[in-house]
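What follows is a predicted structure for the sequence shown.
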Amino acid sequence: MALAIKICGVTTLEDAWMVQDAGADALGLVFYKKSSRYVAPETVAQWAGRMPPLLTVVGLFVNASLEEIRRAEFLCGLDRIQLHGDEAPEFCQAVGPRAIKAARVAQADDLLGLNRYPARALLLDAKVDGAYGGTGHAFDWDILRRFEPDAPLILAGGLNPDNVAEAVRRVQPHGVDVSSGVEAAPGRKDAEKTRRFVENARAAAVAGA
Ligand SMILES: O=C(O)c1ccccc1N[C@@H]1O[C@H](COP(=O)(O)O)[C@@H](O)[C@H]1O
């Protein structure tokens, strides 16, 4: 199966096109106001009709209300909803078939109960005290050895152009997701790092196929 690659934390239309040019499959828009990568739904709405046409657009939310999510979906035409907070399985169900549930993990116990989420995919990020995600920290991938997710697994947390190949080889995820590791500055993506990330991830996936 081909590897799906998501570049998260895009805040400009220019970076959205750069992500497509680099060969990624999806971009993430962070609708969490406390993030340095926050972009307002109203800003994205102004890009309407000028977005790369075939990229999957993922809206990232942290403990947002269903109303907030529906509003952003309406304004921005989101293809997926990434729930990156403390949302319950029932909330994931209410969001519907576009929901990706993100979980923060540090040890094997953090994986318990994740199969209760009726999610399109499970995204695993590193657990770091005081932050919901996007920290640039990786977790110990070995704790996934005995994990059998019911939904496709997307690996995230501290990935970058230099470690993504090893991550793909060891975890064999359905997809990978990166934010900090391909940034030039908070909220701005680096074209060269993004291109290398995609190239190295795809090469590892092809070699392991
Ligand atoms: O990117 C953010 O600012 C962010 C804020 C709150 C929750 C999640 C966030 N990003 C997601 O975090 C992971 C890992 O990011 P990184 O590569 O370690 O920086 C990724 O899934 C982003 O989608």
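All right, it came through fine. Numbers count the residues shown, from 1 in each chain.

Give me the below-cutoff pLDDT ranges for the protein.
Within the chain, the segments meeting pLDDT under 70 span 1.

Please enumerate the strands of it.
For the chain, the strands defined by DSSP state E occupy 4-8, 26-30, 56-61, 80-83, 99-105, 121-126, 153-155, 175-178, 183-185, 188-189.

Near the ligand, which residues of the protein are found?
Residues of the chain found near the ligand (Cβ under 6 Å from any ligand atom) are 8-9, 28, 30, 32, 35, 37, 60, 62, 84, 123, 125, 132-136, 156-159, 177-181. In short, each C-beta sits where N, CA and C put it, glycine included.

Can you say which of the strands of the chain is packed in most?
strand 175-178 (a mean of 27; mean count of other Cβ atoms under 10 Å).

Which residues outside it are in contact with it?
Here strand 175-178 makes contact (Cβ atoms under 8 Å, 6 or more residues apart in numbering) with 3-8, 25-26, 28, 121, 123, 152-156, 159-160, 164, 167-168, 197, 201.

which residues sit in contact with residue 189?
7, 9, 10, 15, 18, 19, 182, 183.

likewise residue 15?
188, 189.

ok, residue 129 - how many residues close by?
7 (other Cβ atoms under 10 Å).

So which of the strands of the chain is nearest residue 46?
For residue 46, the closest of these is strand 26-30, at 12.8 Å, according to Cβ to Cβ.

Does anything pack onto that closest one? Which helices or strands?
strand 4-8, helix 13-21, strand 56-61 (3 or more Cβ pairs under 8 Å, 6 or more residues apart in numbering; DSSP states H and E).

Include distance to residue 72 when you put the ones you listed into CSV, please.
As requested, the helices and strands packed on strand 26-30 are exported to CSV (distance: least, Cβ to Cβ, whole Å):
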stretch, distance to residue 72
strand 4-8, 15
helix 13-21, 16
strand 56-61, 5
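
Figure out which of these is closest to residue 141.
strand 4-8 (17.3 Å).

So what are the sheet partners of the closest one and their directions?
strand 26-30 (parallel), strand 175-178 (parallel) (DSSP bridges).

who does the spatially most central residue of the chain bridge with?
Computing the C-alpha centroid of the chain and ranking residues by Cα atoms, centre = their mean puts residue 177 first, at 4.5 Å. Bridge pairing for residue 177 (DSSP bridges) gives the partners residue 6.
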